[in-house]
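Peer 1: sharing a model prediction with you, sequence too.
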Amino acid sequence: MNMNHQPPGEDALDEAIAAYRAAGIPELPEGLAAGTAALLAERVARPADPRNQWRKRMIRNVSVGTAAAMLLSLGAVLWFGSPSPANELNLAINKAAAASSVRAESKTTFAQGGIKGDMTMKTWSEGNLVRIEMEEQGIATIADGKTRKGILVNSKMKTYSPLDLAKLANEGQAKDAESVVKSLELLKDKPIDATEEEVLDGVKTRVYTLKGIKLESLKMTMDCKLWVDRKTNLPVRQEATMKNDTMTVLTVTRFLGYDEKLDPKLFRMDPPEGYKEMDFKQGK
Amino acid sequence: MTDWNEIVRGHGPSVWRVVRRLTGNDADAADAFQRAFLAAWEWSRKHAADPGAGLLRRMAAARGIECLRERYRKAGRRIALPGDMENPRTEWPGTRLERGELAEDLRRAIARLEGQQAEVFTLACLEEVGHAEIARELELSETNVGVLLHRAKLKLRGLLGVHDPRPKPPVMP
């Protein structure tokens, strides 16, 4: 009688340890070490306590725009020490956030499970006011970030829907009402993988490449390139690729103007004459 | 002055090995990798000294465990383990090994250990660091390390399940 048939190991822990150790480990990803070193260099370049503590408290307590304006007025180089790419990028983002107005155009291409699509958006923001237009769909959204009210106008269907941003934010649908500059703030204090010089449409730019940024709320990872005008130190173009297991979204944003006097009509929230009111969710 | 480029270049691969094995995926490992070096930077600033290999390995283990705990906490449901009373193990470890699930079970179980138990177990059993070195790094006595390791193993055995449900074959003379 063959009694060689032995039961598996009696100690599941030993087997689990063996399985754990047997798993292959991929190489340290290229860029992670460099990105971490850049992050640490940026930390080292920050001023020591107590000034650093004061700066942290200040940034926590005031709006990003106010902080940016104050930092700029104090002299960014003095404040941050010698400028590193991360500091330069932070300053460019702060400057964009502090602009009185921003005009931009974005093209988004998405692919999910063999389905592809694209969408073009024009955005205007001034102070708390934001207007987002999707020309092809005939949809314009105007919102006031202070009162948290807005309106969605569908010129094709001749309808409008009043928006309650606070309520929509709770339902995860108010992201569209944020200024396009908001998305840049995701890049602040993130490790920079590479910088290079490039002439874009005749403008000398510095291009910052950032990889593997985690977008917790979207459960996606983002790789991003940002072109910053060397003369004005303002972002002029952004390419962001967001991915998860099932979906890839590529957004190319061109920043067309800062600190311009925008037409107040862009932000009018009264319903156009002859348009019929429709519930936002039905109209979607 | 500490040359962080040099430190990351020199110790990066060993820190990566610890966090990548612990977390089991690239995204969490990258997160833990950066957290480990940031923790080492804080330590270095506080102690005005350069971090050594041992400290970085400990930081890597601690941050890897932190990522595991966050991952399973975010899962938003109770972690079901094979050794749980309500969810007794019904499969053979061998078949689970073939399916590559055993290592993941161990990660889930480690996430449920208390702070120092998890660190001591990871360093001693998974990274094969000696008790004396662990004691030095964690500022514990070697006896404490032994006790923490014993308790960690007991809990892990309970969580993973140690009992073989199949009848044992008779022993032939």
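Peer 2: Sure thing, it's come through.
Peer 1: what about the helices in chain A?
Peer 2: Assigned by DSSP state H, chain A shows helices spanning A:12-22, A:32-45, A:51-61, A:64-74, A:76-80, A:85-98, A:165-170, A:280-283.
Peer 1: mean pLDDT lowest for which of these?
Peer 2: If you rank those by mean pLDDT, helix A:76-80 sits at the bottom with a mean of 36.
Peer 1: list the contacts of the residue nearest to the spatial centre of chain B.
Peer 2: Geometric centre of chain B, nearest residue: B:Thr122, 3.6 Å, by Cα atoms, centre = their mean. By Cβ atoms under 8 Å, 6 or more residues apart in numbering or on different chains, the contact list for B:Thr122 reads B:Val18, B:Leu22, B:Ala61, B:Gly64, B:Ile65, B:Ile110. From N, CA and C alone the C-beta is placed, and that goes for glycine too.
Peer 1: report the contact partners of B:Val19.
Peer 2: By Cβ under 8 Å, 6+ apart, the neighbours of B:Val19 are B:Asp28, B:Ala29, B:Ala32, B:Phe33, B:Ala36, B:Ala60, B:Arg63, B:Gly64, B:Cys67.
Peer 1: still on that earlier bit, kindly list the main-chain dihedrals of the residue nearest to the centre of chain B?
Peer 2: Per-residue torsions, B:Thr122: phi -60, psi -50 (degrees, to the nearest 10).
Peer 1: and the pLDDT at it?
Peer 2: In this model, B:Thr122 is scored at 94, pLDDT.
Peer 1: over to B:Leu156?
Peer 2: B:Leu156 is assigned 92 on the pLDDT scale.
Peer 1: now do the helices in chain B.
Peer 2: B:4-23, B:26-47, B:53-74, B:93-98, B:102-111, B:115-121, B:131-138, B:142-160.
Peer 1: how much does the fifth one deviate in direction from helix B:142-160?
Peer 2: Note on geometry: by axes from the mean of the first three to the mean of the last three Cα atoms, to 10 degrees, helix B:102-111 and helix B:142-160 are set 120 degrees apart in direction.
Peer 1: hmm, back to that, looking at the helices of chain B, which is nearest to A:Leu226?
Peer 2: Closest to A:Leu226 of the helices of chain B, according to Cβ to Cβ: helix B:26-47, at 20.2 Å.
Peer 1: now that closest one: mean pLDDT?
Peer 2: What helix B:26-47 shows for mean pLDDT is 89.
Peer 1: cool, stretch B:55-73 as well?
Peer 2: 91.
Peer 1: ok, which of the contacts of B:Val19 also contact chain A?
Peer 2: Among the contacts of B:Val19, the residues that sit close to chain A (Cβ under 8 Å from any Cβ of the partner chain) are B:Phe33.
Peer 1: in the stretch 151-284 of chain A, which residue sits closest to chain B?
Peer 2: Minimum separation of the stretch 151-284 of chain A from chain B (Cβ to the nearest Cβ) falls at A:Gly212, amounting to 5.9 Å.
Peer 1: I figured that residue was touching B:Ala30, is that so?
Peer 2: Yes: A:Gly212 is in contact with B:Ala30 according to Cβ atoms under 8 Å; the separation is 5.9 Å.
Peer 1: shared neighbours of those two, which are they?
Peer 2: Residues touching both A:Gly212 and B:Ala30 (Cβ under 8 Å, 6+ apart): A:Leu32.
Peer 1: neighbour count: the two, which is higher?
Peer 2: Legend: neighbour count by other Cβ atoms under 10 Å in any protein chain shown for A:Gly212 and B:Ala30, higher for B:Ala30 (25 against 20).
Peer 1: that one and chain A, how far apart?
Peer 2: To chain A, B:Ala30 is 6 Å away according to Cβ to the nearest Cβ, to the nearest Å.
Peer 1: so who does that residue touch?
Peer 2: With Cβ under 8 Å, 6+ apart, B:Ala30 has these contacts: A:Pro29, A:Leu32, A:Gly212.
Peer 1: separation between it and A:Thr123?
Peer 2: Using Cβ to Cβ, to the nearest Å, B:Ala30 is found at 32 Å from A:Thr123.
Peer 1: just A:Asp193 next, same as before
Peer 2: Distance, A:Asp193 to A:Thr123, using Cβ to Cβ: 27 Å.
Peer 1: okay, A:Gly202: pLDDT?
Peer 2: pLDDT at A:Gly202 comes out at 88.
Peer 1: how many other residues sit next to it?
Peer 2: Other residues close to A:Gly202 by other Cβ under 10 Å number 5.
Peer 1: now do the one 5 residues further on
Peer 2: By other Cβ under 10 Å, the residues close to A:Val207 number 16.
Peer 1: tell me which of the helices of chain B lies nearest to A:Ala37.
Peer 2: Closest to A:Ala37 of those is helix B:4-23 (Cβ to Cβ; 4.4 Å).
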